[in-house]
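Student: output the structure for:
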Amino acid sequence: MNRHSVKNMTINLDPHQHTLERTVSCCGIGLHSGKPVNLTIRPAEEHSGISFRRSDLGKKNAIPARMEQIVDTTLATTLGSGSERISTTEHLMAALHSAGIDNAEIELDGLEVPIMDGSADPFVQLLSSGGKKKQRALRKVIRIIKPVSCISGDKFIRIEPHNGFKITGSISFGTELINEQSYTIDLSQERFAREIAGARTFGFVEQVEELWRNGLALGCTLENVIAIHWNRRSVLNEEGLRFEDEFVRHKVLDLIGDLALLGSPILGHVIASRSGHALHHSLMKAIADSPDCWEYVEFRKPGQPHVIAPAKPRKKRLSVSLPGMLFPAAAPAPCPA
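Tutor: Here you go, the predicted structure:
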């Protein structure tokens, strides 16, 4: 998509920031620690974004849910600030992003976001029970204007211009049960809830056993992980799979949750092959390091002559049409701190 061909574009995106109507809570266990975790999500002010707090550490410091705070991508995405850590953030972040929640404070009394049933669906239900509150502030959106790619061996991830947020994911495991799977989705709240949220994390039985021997995955059970049988033709879970291609759908879920750490909605098409948390992080860093490949755009109400831009524009603004709004483009800007 050429950045000069965006006039009269219609984008399916609410222009306003949102938070929760009311506080919601749940409890579960940490996938790796096996310890109980209480989680509370509270409404937050405009422009505050998503942040995590560890109540068990007796500190009030917040860990912003931003890519700059990623400290580990081994088995899950872990955020940190100083000595504080929050692990396994991707499922909750995917639910928050797809529900359109821009601002929220998340409090936990443990290291890990609870694994629940291994999917994002429990968090989707939790957020639905909290309701959504529209805020006065308008959203700022990242629009990709040139492709950005990352390659690691036989794995790659790429984001290119697109009028919306689209993901194409593919995996290849060379087993009879999984073999090669691919999935494409133009993301919306409804499609995420229906097609992606329920897809659970998975692993081969011997991999889980190895993690147990190393003091990890202590909370892993057939209630929260799809366990792939030694024969590679079936799963140990009695209820079977929720989707025939549940494996690639879960990979798409992880990707959505990780990219939510960019801190703003994205307009672009992500194409990922055999990617994981580390490669997702690499793509976010590549985007931040390529200011000529993206731009911030902001909503404004019809009739307003000016828009506050994140950087002083160096090129002429472009405006694109949305129902009841204008969507003017700002000049390329560096990734915010």
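Student: for Gly110, give me its contacts.
Tutor: By Cβ atoms under 8 Å, 6 or more residues apart in numbering, the residues touching Gly110 are Gly30, Ser33, Lys35, Pro36, Val37, Asn38, Arg54, Asp56. Quick note: C-beta positions are derived from backbone N, CA and C, even for glycine.
Student: residues near Phe173, how many?
Tutor: Phe173 sits with 17 neighbouring residues when counted by other Cβ atoms under 10 Å.
Student: scratch that, Asn231
Tutor: By the measure other Cβ under 10 Å, the count of residues near Asn231 is 10.
Student: got it, and the one 3 residues further on?
Tutor: Using other Cβ under 10 Å, Ser234 has 14 neighbouring residues.
Student: how much space separates it from Gly240?
Tutor: As defined by Cβ to Cβ, to the nearest Å, Ser234 lies at a distance of 8 Å from Gly240.
Student: narrow the contacts of Gly110 to just the buried residues.
Tutor: Gly30, Ser33, Val37, Arg54 (16 or more other Cβ atoms under 10 Å).
Student: surely His284 is in a helix?
Tutor: That one is not His; residue 284 is Met. Yes. Under DSSP: H, G, I helix; E, B strand; the rest coil, Met284 sits within a helix.
Student: which of the helices or strands spans Gln125?
Tutor: Taking DSSP states H and E as the definition, Gln125 sits inside helix 121-130.
Student: following element in sequence after that helix, please.
Tutor: Once the chain leaves helix 121-130, the following helix or strand, as judged by DSSP H and E, is strand 132-138.
Student: chain center to that following strand, what's the gap?
Tutor: The offset between the C-alpha centroid of strand 132-138 and the centroid of the whole chain comes to 20 Å, using Cα atoms, centre = their mean, to the nearest Å.
Student: swap in stretch 270-287?
Tutor: Its chain's C-alpha centre and that of stretch 270-287 lie 12 Å apart, by Cα atoms, centre = their mean.
Student: for that stretch, which positions count as buried?
Tutor: Along stretch 270-287, these residues count as buried under the neighbour rule (16+ other Cβ under 10 Å): 270-284, 286-287.
Student: now the contacts of Gly110 in a markdown table, with secondary structure, pLDDT and distance to Asn214?
Tutor: As requested, the contacts of Gly110 are arranged in a markdown table below (DSSP: H, G, I helix; E, B strand; the rest coil; pLDDT from 0 to 100; distance: Cβ to Cβ, whole Å):
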| residue | secondary structure | pLDDT | distance to Asn214 |
| --- | --- | --- | --- |
| Gly30 | coil | 95 | 15 |
| Ser33 | coil | 89 | 13 |
| Lys35 | coil | 94 | 17 |
| Pro36 | strand | 96 | 22 |
| Val37 | strand | 97 | 21 |
| Asn38 | strand | 98 | 26 |
| Arg54 | strand | 95 | 24 |
| Asp56 | helix | 92 | 24 |
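Student: count the residues that sit near Leu39.
Tutor: Taking other Cβ under 10 Å as the neighbour definition, Leu39 ends up with a count of 22.
Student: residue closest to the middle of this protein?
Tutor: Most central in the chain under Cα atoms, centre = their mean is Gly257, positioned 1.8 Å from the mean C-alpha point.
Student: ok, it - contacts?
Tutor: Contacts for Gly257 (Cβ under 8 Å, 6+ apart) come out as Thr77, Thr89, Glu90, His91, Leu92, Met93, Ala94, Ala95, His97, Ala120.
Student: mind putting the residues you listed into TSV with pLDDT?
Tutor: As requested, the contacts of Gly257 are exported to TSV (pLDDT from 0 to 100):
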residue	pLDDT
Thr77	98
Thr89	98
Glu90	98
His91	98
Leu92	98
Met93	98
Ala94	98
Ala95	98
His97	97
Ala120	98
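Student: okay, and which of those residues map to helices?
Tutor: With helices taken from DSSP state H, the overlap with the contacts of Gly257 comprises Glu90, His91, Leu92, Met93, Ala94, Ala95, His97.
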